[in-house]
Structures are given as structure tokens and as C-alpha cells.
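Colleague: can you look at this prediction? I've put the sequence above it.
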There are 4 protein chains.
Amino acid sequence: MQMVVSDRVVGQQPNGERATVPVIQFSNGTGPKVYIQANIHGAEIQGNAVIERFLSLCRTHPPQGQFTIVPMANPIGINQKSGEFTLGRFDPISGDNWNRQYHFNGDAIAPFAQQQRHASDQQVKAAFTELLQQQLQARLQTPWGLKTGQRMALSLQQLATDADIVLDLHTGPVSDRHLYVPEFARAQAKRFNIPLNIIMPADFGGALDEAAFSPWWQLSQAFAALGRDFPIAVNAFTLELGSQEHLDPHQAEQDALGIASYLEQHGCWADGSHHPTPVTQHACLLQDYRALYSPSGGQVEYLGQLGTPLPQGQAIARIWHYHKLGQDTPLFEEITLPCDAIPVLHFASANAQQGTELYKVLTNTFEL
Amino acid sequence: MQMVVSDRVVGQQPNGERATVPVIQFSNGTGPKVYIQANIHGAEIQGNAVIERFLSLCRTHPPQGQFTIVPMANPIGINQKSGEFTLGRFDPISGDNWNRQYHFNGDAIAPFAQQQRHASDQQVKAAFTELLQQQLQARLQTPWGLKTGQRMALSLQQLATDADIVLDLHTGPVSDRHLYVPEFARAQAKRFNIPLNIIMPADFGGALDEAAFSPWWQLSQAFAALGRDFPIAVNAFTLELGSQEHLDPHQAEQDALGIASYLEQHGCWADGSHHPTPVTQHACLLQDYRALYSPSGGQVEYLGQLGTPLPQGQAIARIWHYHKLGQDTPLFEEITLPCDAIPVLHFASANAQQGTELYKVLTNTFEL
Amino acid sequence: MQMVVSDRVVGQQPNGERATVPVIQFSNGTGPKVYIQANIHGAEIQGNAVIERFLSLCRTHPPQGQFTIVPMANPIGINQKSGEFTLGRFDPISGDNWNRQYHFNGDAIAPFAQQQRHASDQQVKAAFTELLQQQLQARLQTPWGLKTGQRMALSLQQLATDADIVLDLHTGPVSDRHLYVPEFARAQAKRFNIPLNIIMPADFGGALDEAAFSPWWQLSQAFAALGRDFPIAVNAFTLELGSQEHLDPHQAEQDALGIASYLEQHGCWADGSHHPTPVTQHACLLQDYRALYSPSGGQVEYLGQLGTPLPQGQAIARIWHYHKLGQDTPLFEEITLPCDAIPVLHFASANAQQGTELYKVLTNTFEL
Amino acid sequence: MQMVVSDRVVGQQPNGERATVPVIQFSNGTGPKVYIQANIHGAEIQGNAVIERFLSLCRTHPPQGQFTIVPMANPIGINQKSGEFTLGRFDPISGDNWNRQYHFNGDAIAPFAQQQRHASDQQVKAAFTELLQQQLQARLQTPWGLKTGQRMALSLQQLATDADIVLDLHTGPVSDRHLYVPEFARAQAKRFNIPLNIIMPADFGGALDEAAFSPWWQLSQAFAALGRDFPIAVNAFTLELGSQEHLDPHQAEQDALGIASYLEQHGCWADGSHHPTPVTQHACLLQDYRALYSPSGGQVEYLGQLGTPLPQGQAIARIWHYHKLGQDTPLFEEITLPCDAIPVLHFASANAQQGTELYKVLTNTFEL
């Protein structure tokens, strides 16, 4: 199986250098179109290691389908150092999150559904994919130009738009592995073998997973309004595979297996070909995925273990106030949550402002 | 007339230091409640100079009304240096724009209008102000805490919520003076004597001006749906009074006069008491206020003069490609706009990426 | 024993806020003057935890001597966030390292020694301390002003200048505990119970430890040239007590015991009062403390265990080149060192440029 | 005359991208070897415009000599945005100034002079150039690697090392044009036609001009100690040609003429071929080139006009303290200098800390 590698230009730096991403493509027999991307946030490098393991696994045991894989997806963000760390979560000029700049304009949905209401599912799918590609092309050609992050996002989105399955590999700050699951795709998500799962509605908020599935979900809704049952044709997930600024090749192996196991459901391999070591899987709804913001500025001792249920009232963190050293006042305050929770991730520094997002937690959890 | 000054805590730094803003309050006779704020974006210091001139003018000739004035409104942003400049437009941790974190939850509008539909205008106003204050109070007391920027914004918003008039003083990057005018307040806006004006709808997007007027506009709409004519009780404007990182006390004098002249319409002074040197005033709708993004990375020669109409097809900027020096290729490209326009502001650096916002311009302009 | 706490102003922020540090002072009986400082680099918060444990220990069992203790020593650096991390190693405006701005002008040494050559050791010590204080005072009063970092450093140095013992608490990026030991103070250093030790000459390069001992060492040299044996009156050490951005109260307890054990040698407590769990102690000369810079840009898998001897030729790191994914080229290179070494610290991010300082290591090691 | 353009690799980014600089080379007849570089500080782009004008002038009227010209010399710094500005003065990881990382080890000078004391001047020059190249080559090949900035600097320095004339084009923050002149090259410097000039000793401190001339000056001193008069073979200057983040093609034309006029003295063109519009030229010694640091934090009104003599006691700046608005205290302080001075440059932002470098000024001035 031949892997074809090319460079895709997604921007240009002030010094004239083209910002490029590597694009790996291969296909084999008949199967779904799969798009996998990693590292759109510059510090979140673990996804590249997962892709490395996944490609190795594909070489050994070629999957059915057409694959487009983009590691190192954000050449500007990956190279943006600030101190020792990588300031790659948002555009350093504007503050815009690199993963909130994908495009979809829903105005076209209703007239499209009306027009295509008698076409076959397959015809609809082809026509709608074409419509989405045209939207992107039109945006990219506006005479007013596009923002740096929009141009990058849309250049990537062009590659993802005809995929049946879109996987966007991220990490949290200091984080356990977790998965964003669109409500409609809940049944299949278990196969990723990711311990913490957030079930979310299918709205569009600018992220890649949403940009991939939300148009199809909206189309499905529009057809439903016309009395037609049109299945959601695209599955898309954001996988958060550990901590930023960190490389863990051994865990990457497991997550590559999880992805392969998921793809077995779509025919890429025979069902049961891959066996990641199973984990306990917790889930909650997006509205129950809560952030805890620091009640004060200070130095933080993170007590809540990631992935481990924490009963209401038990301390999740201790905020130290070392500026009060030598005084006869308490030097720390203990933070508890108003309900039971499972910590998913915590802030990457022990030095926090009032209002710093200390933890994110699952609440009202259930088994996936 | 006595000015009362106090410090308001709006956050806490990691080292324990309270982030505080100065609050200046004075009142005199009967007149509107006026709230003026400056410098929520850290680099935009000119508004403080305008407040300095405005207070001087109030001392000399005391206005009617109750005034609450907050200069230096963002202690975190003002102190956030990065290189020589002030990285004060967004939270350096999250990228969140400091001026998109004010709060309003519109769900309460419809039941409130229903409930108050027989109350007097004055009763409605008092009750609705109370409702807005309660919303803020509830948000500030959530057991999950608030983001740094939300806490700061809400702490300021508490001061602004009972005002009849809210003025938020900003600047652009390198910028001519311009004004955001809610459609409903268009008639009075001329008196600010600001040359470039953007007429915008009354929606809420997180900025202070919107947080001030949008609830009242929505309330007015809700009453209209019930067949009652309820006037929009709050006027609010974002004034962009020049360029960031720059102090111009002489222009500040003029803009203080413009503000006073505007306030005369609300009875703070006798009409005609203040005389800023009149300027020609252009305006366009928000949808016609366009950004031009750089088509390539390079070094920029800004040719379009701020505030001066630029005919379609005339070069607004030249992008130099010095990485091609010594080659037999053109070294620059000239950028033109697809229509007539008036440049309002341009990027603060001559060093640009592809996708950098080079200029913002008024198009389809008309006289205010 | 009464601890007196005060605030010392060391700067002023753009918004008018005073940059202050807490100063804790207490004394008891007769014993050395001890100055302890922590967190001059903003991300290096662990020293505060060590101070917390040390003060607790002093409360329980009061030491002999006069103590001045400054936690949270850099209010600007501690509050300087950039992304989630703390950009507190250097002034964000100038790039100047906050710990290279202390002051000493050696020109005064030779004439001073000449003038004082017949004075008693005690007289010399008092006179020289006075001279150093005058130098600082004069610098602080220059009509040209002082740089931000110089003013802060000198304001702290004033507190440290009459101390017999100066301890400056730092951390590395991701780091094992290590100690900078001036050659002349080598014998006593063992008592800190720190596993990795760097023996350095007594030159002045702008750091606090050097600013404390180097004048005295130079004075001793100048007297030696006059044929007089004058002991070095000040001991000073930089203690690197773990990793930045991290708080470890349990290790802090151990390091507080180590400091107390060191101070026993100077009479603060009876010898043998404190018992940190002993560790194996390695050392090398400063010239043998080597940095390894990345030979290429890429993503780093850190293989060398901190504190564990690594034989020549064994891989210390693997640099992954994920931009080559899908190609038939090796995806990583393994980095080895040209000699045996003990890794002390490594870079805090797995995302590195060519030339990034990947590791620092002891070579040509010996037992302390 | 053929210009040969090539790319030189000076580093590698985390995403694998090579950091490259364009190198332009051409030669014609016999004449000096000239090396011109611009933009080693990322925000200082004006030098590229000067090179553009200089190359145009060379095309029209080919000079005698061998030219190596490197615009856009710092691909990492130029692309390092932070907010709207370019954080290109120092390495964002380490804080190291990009223009303090050139290499020279003076230990080799004395033995070299001893060994070559009977060689001809021409032989000495060739042998010493060879020695310097070997030093660079050896540094670049160390098994421990080199820092990012050192590798970049040394890669450029290799191109500059056999030049007779080295010109490094910079700018200040907000700055009048000024020139650093090594004492020995003072006579010729007038021809650059730059208004403000700083006469400096020939020591090595890590900058490119020093790295170019200082070895030769030290060699000349070493020969003098042996009783031989060996002329300083290399002239090198740092030209500060305006303000960072700004492009001024018209001034660039003048400065290209000034450079050509300077080079006429070395035979590149017939004397008197170029005629920049003459300016008044002031100068002072490096020790009299003083920085004024802000005595407090606040917002700055820059009153001292760049390039215009300012009498002692006349205000150079006003620091506003807007956090005191509404109080009955003075709102600003006026800053004066302790002597007559000519302002050369000022800080780029009106938002300053205590200790911010507000101005740099010439004092004890004389005509060049």
C-alpha cells in the first residue's frame, strides 16, 4: 500500500516562508473516507505520535478505505514559543482559538433540502458535499481576504469535507484522555476505548468536528421537517489524548489501536482485529462538563486525581497564599465541588489568578 | 462639587495582589446617571486622558446628574507587557477578548415583560434594573467560580447597570477616531463630533455597550410584541478615540468637549455649552464596515490615509517581499479594494502574515 | 518568637500599582544573620513552600540568629502569564534575566583593602558592609533612574547585604534538586542534603548568590595580595529545589530540614537537631556542568532519567520528526552524549527548535 | 552584473521547517569585500528597504568589489508576533538578544601574533581570517550543540568573516537615525550622513559589528605590543535607520545613498558619485550615550523631540498617573535631565513601568 505525501500551503509568514502541512494519503479497496488531523493547537503534539503508531499499524495490516492524514496541522502554532512553552492554542495576534475558525453557513440548508427532497440519499450526499466545498472555495476567494486562522482552517477543511469520518486529535493541558461525542454517534464511540466522554449536541461552534458533522445533522433535521428520514452521513470526533507539551509513545500505541477498533465498525478492518487494553468508560452530557475557576489568586496544589471519582465535599485543590507567610492567618484554602465529579484535566501551572480554570470535571456521570 | 474616589477590587493576581480599579463618583442636582469607562483593553490609554479633560471640565462647570467614572479599568491588561508593547487586548492565558465577557441572559425578558405589562414605565425601569443587577449578582456567586475576565467585566458592569448613559472609551491600533452607534441612538450620536461612525444593530455580543443597551432594546421589543410602546431607556456607545499605545492630551480635550456636547442633550448642561471644533462626519452600517486581510506575508507600506475617502482601484497598501531581493521578480504587490472606502484604522506593525487584518474601512458611506 | 511582616516596594506597574514583596523578620539570641529569598523567577514557586515549612520549623523550635525572609520576591514575574505558563524568567520588555541584575562594582576593593589593612577583622567587616550598602544606595539614587529589574534586584539586595548567609531558592524547568556551591564553601554544602551539586568559582556575574559572596571573596583576595589572611565572611548559595510551575509540599518539608541542617553549622541550632532523609550526593565543577542543545527541530522524548548516571553512548533523548510521517525516512534520531553524565534537568516542553537546551548534565562527577 | 541568490539554512523550527535567509552575492572588478545584513532583530524591517534601494543603485551603476548581502536575516525573530507587534529582539525562550550571540575567542590572538610577527600584512590578513573561520567552524561542530541564536549568528558570521567592511542595519524603537562608530573608524563615518553618532571602543560584546572589527583591533594591539604597526583591516558599523515596525522607502533611498557615499572611500565607486542630502551630524562617546529610566509607572507623554538638542532642565517627558484621577493630587510629573542632551530614541509605548527605558540621549556632544 503506497502512502503519498505532499505539502499543503496553509499560510505565509512575514518573512515570506510558506506555512505548510504534510498531507499523507493512501487508499485500499472499498471502505469509508477517513480524515485524521493532529496538532491544530501548537502544544498538543501527542496526536502526531498516535498517527505515527496508526500508520505503522496500517502498513502492517492495510485497512479498507481512503485515508487522508494531516499531522503537524498548524505550522504557525507549533513554532510559536513563549518562554519554554508553546503558545499554540490561539493566534498570538488576535487571541482567536485556532480550532474555532472552521466555516459553515447554515442558510443554504433549507433551500437545499427543499430542492433535493426527491433525490436519492447518494445523490443528496454528493450534492451536499459539493455545496460545502463550494462554500469553502467562495470564502477562500473573497476579495477582502481571510484571517490567518480562517485561511488555515479552511485549507484543512477542504481536505476533510468529503470524508465520512473525521478525527481531530488534541490534548488537554494536564489531562486524562477524553472524547467529545456527538449525541447521534454515541453508540459507536465506546470503541475508541477512551475513559472519559462528553456527549454533546450537534451544533456548530467553529471547531473541526462540528464543522464536519453539524452540516449533515442540520441537513438531516431539514429533511425531517420535510418528512424525510435522511441519515447523518458524517461522523466526527475530537479526541483529547493526554497532556500538551508531552510525548508518550506507549500510550500512543494504545490510542492508535482504539482508533482502529472504532474504524472496524465502518469496515476498515474486520470487526475484532484490534484489541486496545480495555478501560472503564465514564460519560456525562456537555452541560454537565463543568469548569472550576479559582476563587482567588495563589499557588495551587492539585489534589483531585484525574480520572478518579471525587465525592462532593472532598478537596480537589488547595490554594496557597504565600504572600501571607509569617502572618497569623491561614495560608491555604481548600476547594471543594458542589457535587460528585470526575476530574478530567487541570491547569498546567501551579501559579494561578483568581478566575483561572483550575479543573474541568464530569458531573452527573453515567457509563458510556 | 465633591468627587469621591474609591478602589474597586476586580480580581486577584497570583502573587496575592488585588487587581483594583479607581472609581470616581460625583453628583449634582437632577440629571441622568452617566457611566464612563476607559482602558478595558490594556494598550488603549487615550481614554484616560479624555476622562482627565472631562473631569477638569466638570470641575470648572459642574454638570447635572450622577456620574460614575472608571479610568484604567483593566489592571491586568494594562500591566501585561510583551516586548515594548502592551498585550492588553485579550487574556494572555485564554485568548479571550477582555471586552467580550460582559453578561446578559435574555431568557428572562419575555416573562418579565409579561409580568410587568401593566406597570408604569418608571416601575418597569426600576424593576428591570433590579433584575439585571440580580443576574450579575447570581453569576458572581456561582460555586463554580468565574473566569478572570468575566469576574472583572461583571464587577465593572455592576457599576454601569443603573446608568442611563454608558460610554466605553477605546482606541484602535493605528486609528482615526470612530464611534459605534446603535441604530436606535443614531440621531443623538452626531454630537460626539467623531468623524467616522458605524451604525450597528442592538444585539448582544459580550461588549460593554451592548451589555448596557441590548437588554433594554430586547425589553422594548418584547413589550412591542405585547402591543406596548416602551422606550429604550439606556444609551450606550463605544468611542474609539485614536491609536493604542499613544497619548494625545490635545485631542483628548476635543473629545471631552464632544462627550460634554453629547451629554447636553440629556440635560447635563444647557444645550450649546460646549463647542468642539466641528469635523466632517461619515457613517456606514456595521455590515459595510469591512476588514481587509493581507493576501500574503510581507512588509507593509500603508498608503491609504485614515479618514480620507479612497476610490475603488487606488492602492491602499503595498506588500513588500524582501525575501525575494536580488531576484528578477516584482518585489511588491499593490493592494486595492473592490469598492470605494474610507480607511478607519490599520494594523500597528509593518510586519504582517498572510491573513493579518491590514485595514478596516467604511464602505457604502453616508453622512451621519 | 515574634515574626514581623512588612511590605517592601520594589517597583511600580503602569497602572500605578506598587510592586511589593513580603518581608518576614525575626531574631532570637545570638547567631548569624540569615537572608532567604524565593521566587525571583516567576515560575519557580517551590521555594515558597520550602519557606513555609522552614518557618513552621522555626516556630516549633526557634533558631538562634537574625532572619530576614522574602518569599514571592518578584511581583512582576510571578504575575506575568503567557498562555497557561508563567513567563517569569526574564523581563518581558527587555529579555533581561531577573537574576542577573544585582550590583557590585569591584573598583572599590583595592583602595578599601589598602585603607583598612590595619583594622580588625570585625572593623573591616562592618566597614565593607557599609561600603556595599553605600554602593547600592548611590545606584538607587542616580538621576538617570534604574531599569525595572535593577531596581527590584537592588531593593532586595539591600536586605541581603548585611547577612552572613544568603540562600536564594530557585527551581529548574523539569529538574532534579541541585545546588550551586562556591568553591570556598564546599565543605559545608553537604549538609543541604541536595543530590546534585555544581562547584563554581567566586566570580560576580549578576546573580544574588554571587552578589552576596563575591565582594567578600574579592576582598579576601585583595588582602591576600597585601599579605593578610582575611576570611570570606559571607556564604551564599543558589538552591534549585525541583521543577518550575509545580508545588510539592512534601519535598518542601525535606528541603526545609536540609536548610536547617546546614544552618546548624553556623550555630542556629545545636548540631544534629534536624534529620532530612539522606541522599546520595554527586558533584562536578561548573566547567563540567554542560548543556546539550538540540541538533534539530522536532518533538522530544526525554529518555535520560534525572539524577541517574547515564553511560556515554546511551540515548538521552529521541527527537521525532513527525513532519516526515508517511515518508520512507527514519522518523526519529537518537541523541547520545560524548561522555558519561548525570542528567540534572531537561527542557519543559516536548516541542523544540534546533538549538533548544534539551538537558543540562553533570560530567566528570565526584562525590561531594 | 549578475546577482546570485541562494538560501542559507540558519536553524530548524519545531515543525521541521528550515529557518533560511536569502543571500545575495555579486562581484565586479577589484574592490573591497562588503557584507551588509539587515533585520537580525525581527521588528527592525527598514534595513531591508535600504538594501532594496542599495541594490537598485548597484544595478544602475555597478560598484567595484565583492558584495554579500543578507536581508531578512532572522527568520525566527521576524515571524515571532506577540499581539500586533513583532517580538523579535530576543529569543522568546531564553530572553537572549539575537544580536549578542556572535562568537570570538580572544585567547588565540597573542600566540597568533607571536607566530606571524614576520609575515607580510597580506599573509597575516589571510591567516587571521582563516583562524577566525576555523573558530566558527569548530564552534558549529561541537558535539554538545549550539543555542538557537548562536547557531543563527555563527551561520551569518561565516558569511561576514572575510569581509573588509561589515554593515549591520538596525532600527531603534521610535528613533532618529543613528550610528555606532568604532573609535578607530571615526574619520570615515561622516560619509554615512547619519545625524546622530555614538563613538565606541573596539571591545567585543557579542554584536556583529564588534565580532567583525574587534578581533582585528585586538590583533593590531597584540602586534603593537610586539613593536609592529598592523593596521585594523576591517571596518564595521551598526546603522540604526529609523523606527522598528515601520517602513519608509523614501528615507531608505537617502540611507542607501549614504552607504554608497561611505563605500566610495573604499573604492567601490569614484569618490563623489553619490549625494545624499546632507544632515547636521552630532556625536558623543559611548559612555555619554545615556539611558533615562522612568522614575515611576504611568502613561507617558513624550516631549523631547528626537534629534533636537534639549537644554538641561527642560521637560523631556511627562508621566501621567491616571490611577489618581479624581483625587486632589498632581496627575503628572515632569521629567528633566541632569544635563544638556539630544534625544536619540524613545520607548515605543506610552504605557510604562517604573524602570522602563524612556529615552536614550547623546550628552557631551560634539560635531562628528
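Modeller: Received the coordinates, thanks. Numbers count the residues shown, from 1 in each chain, chains lettered A, B, ... in the order given.

Colleague: can you tell me how far A:Val166 is from chain C?
Modeller: Remark: distance between A:Val166 and chain C (CB to the nearest CB, to the nearest Å) = 18 Å. Where you see a C-beta, it was placed from the backbone N, CA and C, and this is true even at glycine.

Colleague: what about that residue, neighbour count?
Modeller: 25 (other CB atoms under 10 Å in any protein chain shown).

Colleague: my guess is it contacts A:Ala233. True?
Modeller: No: checked against CB atoms under 8 Å, the pair A:Val166 and A:Ala233 is beyond contact range at 11.5 Å.

Colleague: now A:Pro309, nearest residue through space, not along the chain?
Modeller: A:Ile342 (5.2 Å; CB to CB, 6 or more residues apart in numbering or on different chains).

Colleague: report pLDDT for A:Pro343.
Modeller: At A:Pro343, the model reports a pLDDT of 98.

Colleague: swap in A:Leu368?
Modeller: pLDDT, read off for A:Leu368, is 87.

Colleague: still on that earlier bit, SS state for the residue nearest to A:Pro309?
Modeller: Of the three states, A:Ile342 takes strand under DSSP: H, G, I helix; E, B strand; the rest coil.

Colleague: which elements pack onto the host helix or strand of A:Ser220?
Modeller: A:Ser220 is located in helix A:208-225, with elements delineated by DSSP states H and E. In terms of contacts (3 or more CB pairs under 8 Å, 6 or more residues apart in numbering or on different chains; DSSP states H and E), helix A:208-225 is packed against helix A:109-115, helix A:121-140, helix A:148-160, strand A:165-172, strand A:178-182, strand A:235-243.

Colleague: and with 7 Å instead?
Modeller: With contacts taken as 3 or more CB pairs under 7 Å, 6 or more residues apart in numbering or on different chains; DSSP states H and E, helix A:208-225 sits against helix A:109-115, helix A:148-160, strand A:165-172, strand A:235-243.

Colleague: now the element after the last one, going C-ward?
Modeller: In this case it means strand A:235-243. Per DSSP H and E, strand A:235-243 leads on to helix A:249-264 as the next helix or strand towards the C-terminus.

Colleague: neighbours of the nearest residue to A:Leu169 once chain neighbours are set aside, how many?
Modeller: Excluding the flanking residues, the one nearest A:Leu169 by CB to CB, 6+ apart is A:Gly47, at 2.9 Å. The tally of other residues near A:Gly47 (other CB under 10 Å) stands at 30.

Colleague: mind checking which helix or strand A:Tyr102 is in?
Modeller: Judged by DSSP H and E, A:Tyr102 forms part of no helix or strand.

Colleague: quick one: contacts for the residue lying closest to it once chain neighbours are set aside?
Modeller: Leaving aside its chain neighbours, A:Tyr102 sits nearest to A:Ala211 (3.6 Å; criterion: CB to CB, 6+ apart). By CB atoms under 7 Å, 6 or more residues apart in numbering or on different chains, the contact list for A:Ala211 reads A:102-104, A:157, A:204.

Colleague: in JSON lines: the helices and strands packed on helix A:208-225, plus distance to B:Ala119.
Modeller: Below are these laid out as JSON lines (distance: least, CB to CB, whole Å):
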{"stretch": "helix A:109-115", "distance to B:Ala119": "40"}
{"stretch": "helix A:148-160", "distance to B:Ala119": "47"}
{"stretch": "strand A:165-172", "distance to B:Ala119": "49"}
{"stretch": "strand A:235-243", "distance to B:Ala119": "48"}
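
Colleague: any chance of the ones you listed in JSON lines, plus mean pLDDT?
Modeller: As requested, the helices and strands packed on helix A:208-225 are exported to JSON lines (pLDDT from 0 to 100):
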{"stretch": "helix A:109-115", "mean pLDDT": "97"}
{"stretch": "helix A:148-160", "mean pLDDT": "98"}
{"stretch": "strand A:165-172", "mean pLDDT": "98"}
{"stretch": "strand A:235-243", "mean pLDDT": "98"}
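
Colleague: and A:Gly83, how many neighbours?
Modeller: By other CB under 10 Å, 26 other residues sit near A:Gly83.

Colleague: find the nearest non-adjacent residue to it, please.
Modeller: Closest residue to A:Gly83 in three dimensions, ignoring its sequence neighbours and counting by CB to CB, 6+ apart: C:Leu87, at 4.6 Å.

Colleague: buried set for stretch A:256-272?
Modeller: Residues A:256-266, A:268-269 are the ones in stretch A:256-272 that count as buried (16 or more other CB atoms under 10 Å in any protein chain shown).

Colleague: now swap in stretch A:219-233 and tell me
Modeller: Residues A:219-220, A:222-223, A:230, A:232-233 are the ones in stretch A:219-233 that count as buried (16+ other CB under 10 Å).

Colleague: isn't A:Phe128 right up against A:Leu219?
Modeller: Yes: between A:Phe128 and A:Leu219 a contact is recorded at 6.0 Å, counting by CB atoms under 7 Å.

Colleague: now do the contacts for A:Tyr180.
Modeller: A:198, A:200, A:209, A:237-238.

Colleague: again, but for A:Ser56
Modeller: A:Ser56 makes no contacts at all, as judged by CB under 7 Å, 6+ apart.

Colleague: between whichever helix or strand it is part of and strand A:235-243, how many degrees?
Modeller: Per DSSP H and E, A:Ser56 falls inside helix A:46-60. Angle between the axes of helix A:46-60 and strand A:235-243 is 120 degrees (criterion: axes from the mean of the first three to the mean of the last three CA atoms, to 10 degrees).

Colleague: what pairs with the following helix or strand past helix A:46-60, parallel or antiparallel?
Modeller: Next helix or strand after helix A:46-60 toward the C-terminus (DSSP H and E): strand A:65-70. Here strand A:65-70 is paired, per DSSP bridges, with strand A:18-28 (antiparallel), strand A:33-38 (parallel).
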